[in-house]
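K.L.:
This is the structure alone, sequence omitted:
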């Protein structure tokens, strides 16, 4: 079995697991927040690619990292955002709805945005972005497995409720395997690009969190839902971005940034959500007895 085929199988399983975590009730509740969902999704489509262009213009990173950052920036929201929102004790249902809507919109938006960004960012006017092929792969590796996971959850709700922890651990194990295989295959590029990748990941993540928070404020969301939107902006579906790099563009090195992004972003976001949780749990000093 080729590495590309193994990547494809892992991503299919990961996306199916994402679907098993989505219930009809969660979506129905969050879809009532139509303005927040529409504004949050549109904000990701517009602001994240612009932030990626800004980072590339300011830092002038290696073209391999630039290409990878563009793929990550136009990719849909990642399921890890739901985990971070759970740790921070935020509105997980809203997070899941945003991730789901982002995934559907990405079927059309991701190929078109990427085709527009590559010439602007990298000056590769002759570089052909296969829009149709990207869309087909997004349907195959994103929409269909997520829909299958949702169908299985709907058909066997008790099974997945009891085995929720096991399914989640299996999903994280697949992600770890994916990262390990990619790092092992591209170890020379990983060693050479590590320093630049740290700066690029940290800078893009912090800007994305800020953009999400400000978008929530513009949408007049409650503070807790602004935090959800910030996390959604920051977390991308790096698995889909990496798979497209490997299969559609047939350059494994383009997938290196996706792996860096997941690994290096985690401590930044975990620190942020734990700080938020601590601040939420802290008693109001004004309520103390004098």
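P.N.:
Done, it's in. In this text the structure is predicted, and so the values were computed from the model without any measurement.

K.L.:
Low-confidence ranges, the stretch 1-150 of the chain, go.
P.N.:
Scanning the stretch 1-150 of the chain for pLDDT under 70 picks out 1, 3, 26-27, 29-31, 124-129.

K.L.:
the helices in this structure, which residues?
P.N.:
3-20, 24-31, 34-59, 63-74, 80-87, 92-122, 131-138, 144-155, 157-162, 164-185, 187-218, 223-234, 238-247, 256-281 (DSSP state H).

K.L.:
Can I get those in JSON lines including mean neighbour count?
P.N.:
C-beta coordinates here come from the backbone N, C-alpha and C atoms, glycine included. Converted to JSON lines, the helices of the chain look like this (neighbours: other C-beta atoms under 10 Å):
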{"stretch": "helix 3-20", "mean neighbour count": "19"}
{"stretch": "helix 24-31", "mean neighbour count": "14"}
{"stretch": "helix 34-59", "mean neighbour count": "18"}
{"stretch": "helix 63-74", "mean neighbour count": "26"}
{"stretch": "helix 80-87", "mean neighbour count": "22"}
{"stretch": "helix 92-122", "mean neighbour count": "20"}
{"stretch": "helix 131-138", "mean neighbour count": "17"}
{"stretch": "helix 144-155", "mean neighbour count": "17"}
{"stretch": "helix 157-162", "mean neighbour count": "12"}
{"stretch": "helix 164-185", "mean neighbour count": "15"}
{"stretch": "helix 187-218", "mean neighbour count": "18"}
{"stretch": "helix 223-234", "mean neighbour count": "24"}
{"stretch": "helix 238-247", "mean neighbour count": "26"}
{"stretch": "helix 256-281", "mean neighbour count": "18"}
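
K.L.:
Touching, residue 36 and residue 94? I think so.
P.N.:
Yes. With contact defined as C-beta atoms under 8 Å, residue 36 reaches residue 94; the gap is 7.3 Å.

K.L.:
Common neighbours of those two, please.
P.N.:
Common neighbours of residue 36 and residue 94 (criterion: C-beta atoms under 8 Å, 6 or more residues apart in numbering): residue 225.

K.L.:
OK, contacts around the nearest residue to residue 63 once chain neighbours are set aside?
P.N.:
Closest residue in space to residue 63, ignoring its immediate chain neighbours: residue 122 at 6.3 Å, by C-beta to C-beta, 6 or more residues apart in numbering. Counting by C-beta under 8 Å, 6+ apart, residue 122 touches 56, 63, 66, 67, 70.

K.L.:
from the chain's centre, how far out does stretch 99-110 sit?
P.N.:
Its chain's C-alpha centre and that of stretch 99-110 lie 11 Å apart, by C-alpha atoms, centre = their mean, to the nearest Å.

K.L.:
wait, I meant stretch 111-119
P.N.:
18 Å.

K.L.:
again, but for stretch 202-209
P.N.:
Using C-alpha atoms, centre = their mean, the offset of stretch 202-209 from its chain centre is 13 Å.

K.L.:
what does that stretch contact?
P.N.:
47-48, 51-52, 54-55, 59, 69, 72-73, 230-231, 233-234, 264-265, 268-269, 272.

K.L.:
Settle this for me: residue 121 is touching residue 51, isn't it.
P.N.:
No. Checked against C-beta under 8 Å, the pair residue 121 and residue 51 is beyond contact range at 11.7 Å.

K.L.:
OK, contacts around the residue most central in space within the chain?
P.N.:
Most central in the chain under C-alpha atoms, centre = their mean is residue 236, positioned 1.6 Å from the mean C-alpha point. The neighbours of residue 236, taking C-beta under 8 Å, 6+ apart as the test, are 48, 72, 73, 75, 76, 77, 78, 261.

K.L.:
For those, could you give me a markdown table that also reports distance to residue 242?
P.N.:
Listed next are the contacts of residue 236 as a markdown table, based on distance: C-beta to C-beta, whole Å:
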| residue | distance to residue 242 |
| --- | --- |
| 48 | 17 |
| 72 | 9 |
| 73 | 14 |
| 75 | 9 |
| 76 | 13 |
| 77 | 16 |
| 78 | 12 |
| 261 | 9 |
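
K.L.:
quick one: which of these is nearest to residue 200?
P.N.:
Nearest to residue 200 among the contacts of residue 236: residue 261, at 8.6 Å, using C-beta to C-beta.

K.L.:
So the closest one sits against residue 70, correct?
P.N.:
No. Using C-beta under 8 Å, residue 261 is not in contact with residue 70, being 12.0 Å away.

K.L.:
what's the neighbour count on residue 79?
P.N.:
Neighbour count of residue 79, defined by other C-beta atoms under 10 Å: 26.
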